[in-house]
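> here are the coordinates; sequence isn't available:
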């Protein structure tokens, strides 16, 4: 069991929660461990599903019996995989007015049905949280097994994958179950073979600017359909768009989004690269992907008020992998290089960004690399080994 960094107790006293996360990220295990006293309703259980789907009013009776047998002031009710019966959100909304001491926690592995059904989250009284795959700080804190951070670069962070003897088979099975249960069973697409082909091409362009026309050409699928497929990936929490940073003064930036899969291992299995070698281009891409996953999780888990972007100059093509713009206007620019010796050429993107950055903003420049020791250049660029960068990140020495 990994010790997860998401602190639900910071939210549950005052509001209901919707905990989202892709399949196998450990939502159910997490809630059962930290909230064993809650009334737990699993909609993947056929009996629970049939009873509540046929008669949602049974939820009130279940809660009434639960309250009678528990004397605590605050009662927790967990409904797992709420997207299976989205209408239960309306019933739960009614029950929040009837039972003031109840706090609902809903979990979901897909926001698609919740979005298409137009359901409201208890009249706006439910906070949305996200559980990510295992991050580096959770990996190294697990005392039962000494796992190096490098495992995240090829296995990814799904708990079951990290503990599997044959992680490649598990990842292949994960993709197959996703296609069958999230896509085919829900009728999300007309052609499952087309979508499966798109998945592979999307993985090959993971972390690159999205070019709908190019992907349409590679897959022989219309560009409009490709656009819809990317929306499905977002709705089912398999990936996210990364917006370009446009608030620059002197240089024009590109407007195209990038797309990153939610997990390094899932992207790797889709493109057929489940191992890596140091000093290779593929290693650099995997490291960049892992840094993205860690930054996105850290912004949420550490409750940092800021937004994540990337920056690419339109004319010269100079690029910075990640830009974090904090609420107060401070900016952190992060470049990722897989090399074990960073040169001035590797830092051209950071230099170009600094030249076009608003002077009013405080700028911090970081290069994550495979170098053995941290150092700072005379231009103020912090070159940090990736393992140390992750440690600093979770110790709040990067984003704060």
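Received, thanks. Quantities reported herein were computed from a predicted structural model and do not represent experimental measurements.

> spatially nearest residue to residue 41, not counting backbone neighbours?
Nearest residue to residue 41 in three dimensions, chain neighbours excluded: residue 79, at 4.9 Å (C-beta to C-beta, 6 or more residues apart in numbering). From N, CA and C alone the C-beta is placed, and that goes for glycine too.

> after the one helix or strand the one you found maps to, which helix or strand is next?
Residue 79 belongs to strand 75-80 when assigned by DSSP states H and E. Using DSSP H and E, the next helix or strand after strand 75-80 towards the C-terminus is helix 88-98.

> report the rounded mean pLDDT for that following helix.
Helix 88-98 shows an average pLDDT of 90 in the prediction.

> returning to that earlier point: now for the strand holding residue 79, which elements pack on it?
With contacts taken as 3 or more C-beta pairs under 8 Å, 6 or more residues apart in numbering; DSSP states H and E, strand 75-80 sits against helix 27-34, strand 39-42, helix 58-68, helix 88-98, strand 102-108.

> what about the last one, distance to the chain center?
Same thing as strand 102-108. Relative to its chain's centre, strand 102-108 lies at 20 Å (C-alpha atoms, centre = their mean, to the nearest Å).

> what angle sits between it and helix 27-34?
150 degrees (axes from the mean of the first three to the mean of the last three C-alpha atoms, to 10 degrees).

> now do strand 102-108: which elements does it pack against?
strand 16-20, helix 27-34, strand 75-80, helix 88-98.

> for the fourth one, same thing?
For helix 88-98, the contact count by 3+ C-beta pairs under 8 Å, 6+ apart identifies helix 58-68, strand 75-80, strand 102-108 as packing neighbours.

> next one: it to chain centre, how far?
29 Å.

> which element follows the helix or strand bottoming out on mean pLDDT in the chain toward the C-terminus?
When the helices and strands of the chain are compared on mean pLDDT, DSSP states H and E, helix 112-116 comes out lowest with a mean of 68. Once helix 112-116 ends, the next helix or strand along the chain (criterion: DSSP H and E) is strand 126-130.

> show me which positions of that following strand end up buried.
126, 127, 129, 130 (16 or more other C-beta atoms under 10 Å).

> do stretch 58-74 as well
Quick answer for stretch 58-74 (16+ other C-beta under 10 Å): 59, 62, 63, 66, 67.

> next one: stretch 179-187
Buried, per 16+ other C-beta under 10 Å, within stretch 179-187: 179, 182, 183.

> list the contacts for the first one?
Contacts were defined as C-beta atoms under 8 Å, 6 or more residues apart in numbering; by that measure residue 179 touches 192, 195, 196, 199.

> for the second one, same thing?
Residue 182 makes contact with 23, 109, 110, 188, 236, according to C-beta under 8 Å, 6+ apart.

> so what's the third one scoring on pLDDT?
Here, the pLDDT recorded for residue 110 equals 82.

> so it, which state does it fall into?
coil (DSSP: H, G, I helix; E, B strand; the rest coil).

> outside of stretch 313-331 itself, list whatever touches it.
With C-beta under 8 Å, 6+ apart, stretch 313-331 has contacts from 245, 247, 251-254, 288, 291-292, 295, 299, 304-312, 332-336, 348-350, 352-353, 356-357, 360-364, 399.

> would you mark the buried spots in the host helix or strand of residue 193?
Element membership of residue 193 [criterion: DSSP H and E] is helix 192-204. Of the residues in helix 192-204, 194, 195, 196, 198, 199, 201, 202, 203 count as buried by neighbour count, 16+ other C-beta under 10 Å.

> beyond it, next helix or strand please.
Following helix 192-204 in sequence, per DSSP H and E, is helix 212-219.

> can you name the next helix or strand after that next one?
helix 223-235.

> ok so, going back, the residue nearest to residue 41 pairs with what?
Going by DSSP bridges, residue 79 is paired in beta bridges with residue 41, residue 106.

> any idea how far it is from residue 105?
Relative to residue 105, residue 79 is positioned 8 Å away (C-beta to C-beta, to the nearest Å).

> and for residue 337?
41 Å.

> pick out whichever of the two has more residues nearby.
residue 105 (24 against 21; other C-beta atoms under 10 Å).

> shouldn't the more buried one be in contact with residue 78?
Yes. Between residue 105 and residue 78 there is a contact under C-beta atoms under 8 Å: 4.7 Å.

> any shared contact partners between the two?
31, 35, 38.
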